[in-house]
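# structure for this input, please:
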Amino acid sequence: MYKAAVLGDRDSIYGFAALGLETYPVLNRDEAAKILKTLADGQYAVIYITESLQAELELEIDRYVNQYLPAIIPIPGVSGNTGNGMRYVKKSVERAVGSDIIFNN
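Coordinates of the predicted model:
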């Protein structure tokens with residue numbers, strides 16, 4: 001059975017444990033890259049990652065873009081919504097369906 005994980009700074013992700021998701025708080029980019037690789041090569045179908053961390057790990061995340069699993073979904077952190085998450089999802093949808101069906105641009 002596949003699982004879901006949340007990766008990011010502790011303050012942004014600790015509440016997700018109450019929903020039954022496995023949380024992986026990280027302190028720096030290098031630690032995050034190692035954990036992401038472990039999660040992506042394991043039993044996780046969905047990995048939620050804070051937008052700020054997603055921006056830092058863009059090259060690592062791109063390795064998994066064309067794979068069926070895991071789905072890596074950016075979420076806002078405690079610092080607020082940067083818009084990177086929506087841009088990432090928009091780009092993924094455009095790649096999947098061939099056009100912009102979210103914003104109709």
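# so what's the nearest residue to A17 once chain neighbours are set aside up against?
Closest residue in space to A17, ignoring its immediate chain neighbours: T23 at 5.0 Å, by C-beta to C-beta, 6 or more residues apart in numbering. C-betas here are computed from N, CA, C, even on glycine. With contact set as C-beta atoms under 8 Å, 6 or more residues apart in numbering, T23 has these partners: A5, V6, I13, Y14, F16, A17.
# and M1, by the same measure?
Taking C-beta under 8 Å, 6+ apart, we find M1 in contact with Q43.
# circling back: show me which pair in the contacts of T23 is furthest apart.
The two members of those with the most space between them (C-beta to C-beta) are A5 and Y14, at 13.4 Å.
# neighbour-wise, which of these two wins?
When neighbours are counted by other C-beta atoms under 10 Å, A5 comes out ahead of the other of A5 and Y14, with 25 against 14.
# for the more buried one, give the beta-bridge partners.
E22, I47 (DSSP bridges).
# go ahead and confirm it touches L21.
Yes. Using C-beta atoms under 8 Å, A5 is in contact with L21, at 6.5 Å.
# name the residues contacting each of those two.
Contacts common to A5 and L21, judged by C-beta under 8 Å, 6+ apart, are Y48.
# with that, I have no additional questions.
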